[in-house]
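Asker: Sharing a model that was predicted from the sequence below.
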Amino acid sequence: MIRNYFKMAWRNLMKHKFISFINLFGLSVGLACCILITIYILHETSYDTYNKKASRIYRVTRTFNNPDGAVTLRLGTVAPPFGPLLQNYFPDIQKVTRLLPNGKTPVKYGDKLFNENQVFFADEHFMELFDVNLVKGNPDKALVDPFTVILSEPIAKKYFGEEDPVNKMIRINNQFNLKVSGVYQPLPSNAHVHPEIMVSFNTLKDTAVYGEKQLQTNFGNNSFFTYLLLPENYPVKNIENQLPDFVDKKMFSPRTPPNFRFSTITQLQLQKLTDIHLRSHLDFEAEENGDIKRVYIFSVIALIILLIACINYMNLSTARSTLRAKEIGIRKVSGAGKGELVAQFLCESVLITWIAMLIALAFVWIAIPWLNDLSGLHLSAKALLQWKWIIPVLLVPFAVGLLAGVYPALFMSSFQPVKTLKGLFKTGGKSISFRQALVVVQFGISIVLIITTSIVFQQLHFMQKAKLGYSKEHVMVLPYYFTNNNQFEAFRNDLLTMAIIKNTGRSSRVPTGRLLDSQNASAESGDSLKPVTSELKFLAVDYDFIPSYDISMAAGRNFSRAFTTDTSNFVINEACVQTLGWKSAEQAVGRNFSYGGVKGKVIGVAKDFHFESLHQRIAPMVMALPKPEQNGFFNQLTIKIAAGNPAEAVNTIEKKWRTYLPEMPFEFSFLDDKYDELYRSEKKQGSLFTIFACIAIFIACLGLLGLSSFAITQRIKEIGIRKVLGAGTGNIVMLLSGDFMKLIILAALISFPIAWFAMKQWLADFAYRIDIPWWVFLAAGLVTAAIALITVSTQAIKAAIANPVKSLRTE
């Protein structure tokens, strides 16, 4: 019997090819989008699950807050003493491992010299917590001895080619040599951190590198990723509840004021390893993380697109029910029960969905490389071939087929045979209302997607064109490798002899980065200095940093070589003036100020500028000028070049670089490129929104095309009569399009508040954002109405210009 149902289903598909094509194509595109988004979701939610002990691993994080309790800094790293202290304090902790990122690191072997970004110091327990496949070397000893290093396979090949790298020496930072003790396979793409070079953590015990005492006592250097291994199913609250007492006891020193508790200004938290990628958005992370909100958004989009495709099927199936009314009547007279008819129609629906599924899989195969290029991810359809997903994937066609087919099946199986065989049956009443409701849902969703996409791109445009308060054009940024001030001054003076170089400056950080450093401050209040309770961000700069970025001064002056005392003075920004409670920038100049233990005066106030992204508010900032011997404060070198010929400027700078720093690789970036990278995820999200909005509208219009075609076919004789009575083509087109336009207007009215609420929530993540313009809603409604009108009009015009004699000759 089932075989007979499928045979009849196939015949019906072939009989109504146009409707079948629309159903098949719509379902195929909908399922393909669903599968692609599912692959993305599986990838995002799989982060770090490749580790066998993933459920038992927790990362230690740290937060800082003002005395009033406001959190000022959230870090995914902690100070070096915390790892061993935690293990000694809590006996339930089985293992602790630490990773220290080394930033951009020059690595040399022979004549090969490159900057590497993924260099970490890793302790000997790292491979006991994380699954690292060591293909060469002994995993028990590879990270034990100081001044040893293990390399990922791509890095080993990059430096050694076909040579065996084990026991060979590489040089890093032009400071010390490391012996290669192993080679490992790269960590998978779904890891939250990807070390490519791991240096033995014991190397840090050497005082020339960091120092063992520093590792034991320095609670201020929060640069160490620290991971704990807990027993299976361990109640982690047992440790979390005791962390405030742990902080108070272990950070206590003879210099601690009486009754002071460190846990009131800094706290430790434990974070599940598998939560890091999607649920951790701290001020410092190992890599850019994903966002669980994005996963939810795209999950909803996938279901929406599939729902639109299912609505098409329901609408077209119920609309063409009149064509099958006599067939249903004869089958009922012949003894077929309602259950058999429902089964037949559901078999048709499942068959169509299965064919659509096969086409969708072909679409997915074609689209995955394109999606990887767009998203920067490493998605693969292999994610669906795991046993736990194969069965759900195979069940999808049945579930979608039943969902899309259940209403048409119940509707058509309820026809009364007497009316259908006498030709008295007409689809009307509730069925038309239901179909209209489905069209409203389809286009309402489409309008929401158009509005959200438009606002995402407007916010992106706003961020790209916002006045930043500094110049980002023609600015090169390089790592600062100069070992002393005299060496840099010679390099700088040499560069400035060339007209193509406008200026060069040094700083601890550069715009587009994060301001993560701060120190204790005291500001003049009355006749004395009083401690500042708010956090003031720290930036080390030289004399030329401010002019290199064309930062304007609101009052006072910049640091100057003419004043030797400027190493004890400060330049602050307008936000800092406001935070300190001073009335104006002019009144701030000349005030006594202490920062990081250095007492001096405020000599200038810079106008506010967006050092960080527009996600963050402009932070109160203190710029200080290190003494000539404090060269270590500088990490970044900025070079302002003349407009016109950047290639010539790069070549000129590289030649000078090779002269002064022959042992350091010459690598640079342009600041405007770094600025664009700040909003890379939003751009990707906007592009994907655009694509899925277009797909949703396309599927909705496809359904509208089929529905309008069928509705017009049902009214073909009415159109003939109207033409005979003198109706023009325009009148008939307006008549046939009017009903659908009413539905689009209703869809717009429903979708507007939904879209407004959704985008209000999305924009709340930006400290600086656009106001949602009213015209976006009007434009989205008009665009949707225009697309729908064009879709319906193609069928309406065809019917309006047809010869009425042909439609009336049977009367």
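Answerer: It's in. Please read these numbers as outputs of a predicted model, since none were measured by experiment.
Asker: same question for the helix or strand hosting Ala367, mean pLDDT?
Answerer: Assigned by DSSP states H and E, Ala367 belongs to helix 338-375. What helix 338-375 shows for mean pLDDT is 79.
Asker: List the buried residues of that helix.
Answerer: 341-357, 359-361, 363-364, 367-368, 371, 375 (16 or more other CB atoms under 10 Å). Placement of C-beta: from N, CA and C, glycine included.
Asker: before we move on, what about stretch 130-143?
Answerer: Residues of stretch 130-143 classed as buried: 130, 132, 134, 136-137, 139, 142-143 (neighbour count, 16+ other CB under 10 Å).
Asker: tell me the contacts of the most centrally placed residue in the chain?
Answerer: Centroid-nearest residue in the chain: Ser681, 4.1 Å away (criterion: CA atoms, centre = their mean). Neighbouring residues of Ser681 by CB atoms under 8 Å, 6 or more residues apart in numbering: 288, 291.
Asker: Using the three-state scheme, assign it.
Answerer: Assigned with DSSP: H, G, I helix; E, B strand; the rest coil, Ser681 falls in the helix class.
Asker: And for Pro186, the neighbour number?
Answerer: When neighbours are defined as other CB atoms under 10 Å, Pro186 has 16 of them.
Asker: got a list of what the closest residue to it other than its chain neighbours touches?
Answerer: What sits nearest to Pro186 in space, not counting adjacent residues and going by CB to CB, 6 or more residues apart in numbering, is Ser152, at 4.7 Å. The contact partners of Ser152, by CB under 8 Å, 6+ apart, come to 183-187, 195-197.
Asker: filter the residues you listed to the buried ones?
Answerer: Looking at those with 16+ other CB under 10 Å, the buried ones turn out to be 183-184, 186-187, 195-197.
Asker: Pick the one among the residues you listed closest to Leu86.
Answerer: Nearest to Leu86 among these, counting by CB to CB, is Pro195 at 22.1 Å.
Asker: Phe695 touches Leu36, doesn't it?
Answerer: Heads up, residue 695 is Ile, not Phe. No: taking CB atoms under 8 Å as the definition, Ile695 is not a contact partner of Leu36, at 10.5 Å.
Asker: and those two? which has more neighbours close in?
Answerer: Neighbour count, other CB under 10 Å: between Ile695 and Leu36, Leu36 has more, with 23 against 20.
Asker: what's the distance between that one and Lys382?
Answerer: As judged by CB to CB, to the nearest Å, Leu36 and Lys382 stand 14 Å apart.
Asker: same question, Gln269
Answerer: From Gln269 across to Lys382, the span is 35 Å (CB to CB).
Asker: if you count what's nearby, which of the two comes out ahead?
Answerer: Applying other CB under 10 Å to Gln269 and Lys382 shows that Gln269 carries more neighbours, namely 15 against 8.
Asker: Identify the spatial nearest neighbour of that one, chain neighbours not counted.
Answerer: Closest residue in space to Gln269, ignoring its immediate chain neighbours: Thr61 at 4.8 Å, by CB to CB, 6+ apart.
Asker: contacting residues around that neighbour?
Answerer: Listed by CB under 8 Å, 6+ apart, the contact partners of Thr61 are 74-78, 268-271, 280, 282.
Asker: Now with 6 Å, please.
Answerer: Going by CB atoms under 6 Å, 6 or more residues apart in numbering, Thr61 touches 76, 269, 271.
Asker: Pretty sure the last one sits against Val60.
Answerer: No: with contacts defined as CB atoms under 6 Å, Gln271 does not count as touching Val60, sitting 7.7 Å away.
Asker: Tell me the gap between the strand or helix carrying Leu99 and the middle of its chain.
Answerer: Assigned by DSSP H and E, Leu99 belongs to strand 95-101. Distance of strand 95-101 from its chain centroid, counting by CA atoms, centre = their mean, to the nearest Å, is 26 Å.
Asker: which helices and strands sit right next to that strand?
Answerer: When contacts are defined as 3 or more CB pairs under 6 Å, 6 or more residues apart in numbering; DSSP states H and E, strand 95-101 sits against helix 82-89, strand 119-122, helix 126-129, strand 225-229.
Asker: Parallel or antiparallel, which strands does that strand pair with?
Answerer: Its sheet considered, strand 95-101 pairs with strand 119-122 (antiparallel), strand 225-229 (antiparallel) by DSSP bridges.
Asker: Output those strands in CSV; the columns should cover mean neighbour count, mean pLDDT and distance to Asn173.
Answerer: What follows is the strands paired with strand 95-101, written out as CSV (neighbours: other CB atoms under 10 Å; pLDDT from 0 to 100; distance: least, CB to CB, whole Å):
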stretch, mean neighbour count, mean pLDDT, distance to Asn173
strand 119-122, 23, 96, 9
strand 225-229, 23, 97, 20
